[in-house]
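Asks: Structure for the following, please:
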Amino acid sequence: MRVRNSNSGFTLLEMMVAVLVVGLTVTTFFQLFGASLRLERRGRGFDEVIVIGRQTMAQLLVRDLLKDEFPWSGEIENFDWNLHLESVDVKPDADEKAAEEGVSLRWTSELYRLVFAIQDKNRPGRHLRLVAYRQVAPGYFTDDFKEKHIAPEE
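Replies: As a prediction, this is how the structure comes out:
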């Protein structure tokens, strides 16, 4: 029969390994927690840009572009924004094919792209670009208006 040793327990090496494992686990946890807080803060900042940008764009879309007091750029809170128009060429291939066949096409409307850009003054990485399209009757925009507000085609 064997005699049991009453001094059984953990050795110093086993205790050191256990402390090392617990220390690494706690360190990893705090690093992940800190990173998640930074990501949450960054995400909250982008949410702010998105909300303010969408609200401003919605307010602009219901206004008449032809009015002299229409704001093409401005500031809201700590953001700078601007809006510009681009002409969209609708079906250029169809025009060429029709011309070859001797058929005259007449488009019943013109299409324009409204590009809204908003930028955080304090943080250059926080910006947003929204695009909307507006269909108007031919001749809706005068030549003077087009020269002043519509970006030339590239």
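
Asks: what residue lies at the spatial centre of the chain?
Replies: L128 (3.9 Å; CA atoms, centre = their mean).

Asks: check contacts around E75.
Replies: For E75, the contacting residues are W81, by CB atoms under 8 Å, 6 or more residues apart in numbering. Quick note: C-beta positions are derived from backbone N, CA and C, even for glycine.

Asks: Wait, a strand at it?
Replies: Yes. Secondary structure of E75 (DSSP: H, G, I helix; E, B strand; the rest coil): part of a strand.

Asks: what's the distance between it and E110?
Replies: 31 Å (CB to CB, to the nearest Å).

Asks: Then Q31?
Replies: To E110, Q31 is 56 Å away according to CB to CB.

Asks: Give me the more crowded residue out of those two.
Replies: Under the criterion of other CB atoms under 10 Å, the comparison of Q31 against E110 puts E110 first, with 17 against 10.

Asks: contacting residues for the more buried one?
Replies: With CB under 8 Å, 6+ apart, E110 has these contacts: S87, V90, Q135, V136, A137, P138, Y140, F141.

Asks: hang on, the second one packs against Y112?
Replies: No. Checked against CB atoms under 8 Å, the pair V90 and Y112 is beyond contact range at 10.4 Å.

Asks: okay, these two: which has more neighbours?
Replies: Y112 (19 against 12).

Asks: Tell me the bridge partners for the more buried one.
Replies: Beta bridges link Y112 to S87, R134, judged by DSSP bridges.

Asks: that older thread, give me the element the residue nearest to the centre of the chain is part of.
Replies: strand 127-136 (DSSP states H and E).

Asks: Run the chain-centre distance for that strand.
Replies: 12 Å (CA atoms, centre = their mean, to the nearest Å).
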